[in-house]
Every structure is written in structure tokens, then in C-alpha cells.
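1. quick one, what's the 3D model for this:
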Amino acid sequence: MARQPPPFFNRGPTPLTRLVFFLAICIALMIADHRLHLLSSLRQSLSVLVYPLQQFAQSPVRLVTRASNFFTDQTQLQKENAELKQKLLEQSATAQSAQWIQAEHAQLLALNGAKSRYAGKGEIVEVLYTGRNPFARKIIVNKGSNDNIRQGFAVIDGKGVVGQVTAISPFTSEITLLTEKGHAVPVAIQRNGIRAIVFGNGRDGSLDLPYMADRADVRSGDLLVTSGIDGTYPPGLAVAEVTAIEHNSAQVFTKITCAPVAGVENHKYLLVLLSSPQIDLPKQEASPGDSAAKEKTVRKKRGAR
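-> Below is the predicted model:
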């Protein structure tokens, strides 16, 4: 019997049959997994096996993302750092300005206190600039003769004597500081009342207390206040504090150095005393004899009319 050659294409089941078969298998597996959870362990095992492959597949994207984030973060950090530095500088300037304003406010409060102690007869002035002569210790303030300031008026701050008005114009005044060479202020030692005269030396901002005998009762730390005998400075204003005493047996007088109590070259606002302080004396009650005399005088005036 002759053999038949095999067919060139082995067809098998039709595609529709295959589709229906695999659909049925899929539906059966889904029902079994949903109802009986038969494929959970298989799915977990497959996820463990596939996880390294997933990580390996995602590694290029992850590396690119990390590199992009690194450079982005560096740029953002540099920008934020620059902004923070700018804000720090602005806040530092604001803080310094606030400290300066606070110091000026405290000084003005001290000047108002000094003004109230002298019955309000004082004029607060602002320092404009120092004198043109670099070897003279003088300053220019913003008020003059139009504000009732006159030559010879004493100038103080919240702590003590600063100087004296020596020249005026309608709108400005020149103040010679306490430390000007040769500037003399009559003082008294507050502890024992010994009177003396303190002079500015014009060198290092200190004061000299000359012509004091070697046996004079002067101690380091003594406070010198104005004695008021010159008619310029009211009595009792703090002037200087004794800082050094040098005894020399070969000299007749002791060398005494003092430091000003007031901020002679520091403050921006000062107080010019327009007159010496006055003490308000109580009014005396009129006696009966005075009242009778006044009444008699009034009657005579009426009779004359």
C-alpha cells in the first residue's frame, strides 16, 4: 500500500477553539483564586523571583532621577543660602539700628530727667559736627540765639558736665568741651567739700586737678562736683572722678588725674542749661498787722479820691 506524505501544514485545533479553551482556563483560575485563594502562594513566589528583575529594570531611571535631583538640590541650596545671607545682613543692620535708637532713647530720657531737675530751664540740642580745628575739643550743635541760648551757658548730659557754650549764631552754637586744654571748672570734692579747680589737658580726654597740697585729703575714686562759685555751672553737677594720685616729695603739689563722668565726646544729644536752678521758697503768710496796714492804706486812697 502506498504511503501518503504528511501534510505540509499541521493545522490542529482551530483558533476559535483555542481561544475558547484558554478563556475557560482563565475564568476557572480567576474563580478559583477569588473563591479559594489557591494562587496566592504562587503569586507571592513569582513576585519574589521577579523583584530583582524589576529593580534592575528601574535602576537606570532611578539613577537619572537621583542625578537630576542632586544638581537641582545643589542649585536650590545655593539660592536659599544666598537669600538667607542677605536676610541675615538686613536683620543685622536692623538690629544695629534698633540698638542705636534704643541708646538714643535712653539718653533722651536721661536728658529729660536732668531737665526736670532744673525746673524745665534747659534746651535739648543735637550735635551736628566737631569743630574745624582738629587740636581743639569743640563741637557744634543745632540751636543758637534764636532758641535763647547765650554764651557761658553750661552744657550737660544725663550724667554730668560736658562743657560750656563759647560762641553762638542764630541757628547754631559752639560748645567747648570739658577736656579742652586750659578749660577750668570750679569744683568741690563731694566727700569732704574741699574746693579746687579742675582743668582740661587737651591730650587724652582726661582732666588735671593741680595746686593740691601733698597732704590734701584726696582719694582715688573721689567724685568732683561743681561748686557753683563761678556763677556759670550750677552747684552739685558731677564733673569728674579721681583716677590717679602721684605723690612726689620733690614737688610742692600732688599730681592728680581725673576722668570726666559725662560722655564728653560720645553722645548725640545734650542739654543746655538756660539758667541756674532756682529753689522755690514757700510763701509766707501775712501777719494781722500787715493786713491792718494794707487796709488803712486802702482807706486813705479812697478818702483822697
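2. which residues of the chain score low on pLDDT?
-> Within the chain, the set of residues satisfying pLDDT under 70 comprises 1-11, 89-90, 92-120, 275-305.
3. okay, helices next: where are they in it?
-> With helices called from DSSP state H, the chain shows them at 15-36, 40-117, 288-304.
4. what ranges do the strands span in the stretch 151-300 of the chain?
-> 154-156, 161-168, 173-177, 184-189, 195-200, 207-208, 212-213, 223-226, 238-246, 253-260, 269-273 (DSSP state E, counting those that start in this stretch).
5. those: which one's closest to residue 63?
-> Of all the strands of the stretch 151-300 of the chain, strand 269-273 sits nearest to residue 63, with 67.7 Å by CB to CB. From N, CA and C alone the C-beta is placed, and that goes for glycine too.
6. list the strands paired with that closest one, with their directions.
-> Its sheet considered, strand 269-273 pairs with strand 122-130 (antiparallel), strand 154-156 (antiparallel) by DSSP bridges.
7. tell me the angle of that strand relative to strand 173-177?
-> 100 degrees (axes from the mean of the first three to the mean of the last three CA atoms, to 10 degrees).
8. how far is strand 269-273 from where the chain is centred?
-> With CA atoms, centre = their mean, to the nearest Å as the basis, strand 269-273 stands 22 Å off its chain's centre.
9. dump it to CSV, restricted to CA.
-> The C-alpha trace of strand 269-273 is given here as CSV (Å, rounded to 0.1, in the frame of the first residue of the first chain):
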residue,chain,number,x,y,z
TYR,A,269,22.1,114.9,72.3
LEU,A,270,23.0,117.3,75.1
LEU,A,271,21.2,119.7,77.4
VAL,A,272,22.0,123.4,77.6
LEU,A,273,21.0,124.9,80.9
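10. still on that earlier bit, can you redo the strands paired with strand 269-273 as JSON lines with mean neighbour count and distance to residue 84?
-> Shown next, in JSON lines, are these (neighbours: other CB atoms under 10 Å; distance: least, CB to CB, whole Å):
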{"stretch": "strand 122-130", "mean neighbour count": "16", "distance to residue 84": "37"}
{"stretch": "strand 154-156", "mean neighbour count": "26", "distance to residue 84": "46"}
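11. export those strands as a markdown table, with columns for distance to residue 255.
-> Output for the strands paired with strand 269-273, formatted as a markdown table (distance: least, CB to CB, whole Å):
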| stretch | distance to residue 255 |
| --- | --- |
| strand 122-130 | 29 |
| strand 154-156 | 27 |
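12. wait, which of the ones you listed is closest to residue 13?
-> Taking CB to CB, strand 122-130 is the member of those nearest to residue 13, at 110.3 Å.
13. who touches the nearest residue to residue 185 once chain neighbours are set aside in this structure?
-> Excluding the flanking residues, the one nearest residue 185 by CB to CB, 6 or more residues apart in numbering is residue 198, at 5.3 Å. Shown in contact with residue 198 (CB atoms under 8 Å, 6 or more residues apart in numbering): 184, 185, 187, 207, 208, 209, 224, 239, 240, 258.
14. on that earlier part again, so which of the strands of the stretch 151-300 of the chain comes closest to residue 82?
-> Nearest of the strands of the stretch 151-300 of the chain (CB to CB): strand 269-273, 39.4 Å.
15. if I take the closest one and strand 161-168, what angle do their directions form?
-> With the same axes, to 10 degrees defining the directions, strand 269-273 sits at 70 degrees from strand 161-168.
16. could you list the buried residues of strand 269-273?
-> 269, 270, 271, 272, 273 (16 or more other CB atoms under 10 Å).
17. could those residues go into JSON lines alongside distance to residue 49?
-> Output for those, formatted as JSON lines (distance: CB to CB, whole Å):
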{"residue": "269", "distance to residue 49": "86"}
{"residue": "270", "distance to residue 49": "91"}
{"residue": "271", "distance to residue 49": "93"}
{"residue": "272", "distance to residue 49": "97"}
{"residue": "273", "distance to residue 49": "100"}
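18. which single one of those is nearest to residue 41?
-> Nearest to residue 41 among the buried residues of strand 269-273 is residue 269, at 89.8 Å by CB to CB.
19. for the closest one, which residues count as its bridge partners?
-> Going by DSSP bridges, residue 269 forms beta bridges with residue 126.
20. repeat for residue 257
-> So, taking DSSP bridges as the rule, residue 257 has residue 208, residue 244 as bridge partners.
21. near it, how many other residues are there?
-> Using other CB atoms under 10 Å, residue 257 has 17 neighbouring residues.
22. now swap in residue 253 and tell me
-> 13.
23. quick check: it vs residue 218, distance?
-> Using CB to CB, to the nearest Å, residue 253 is found at 11 Å from residue 218.
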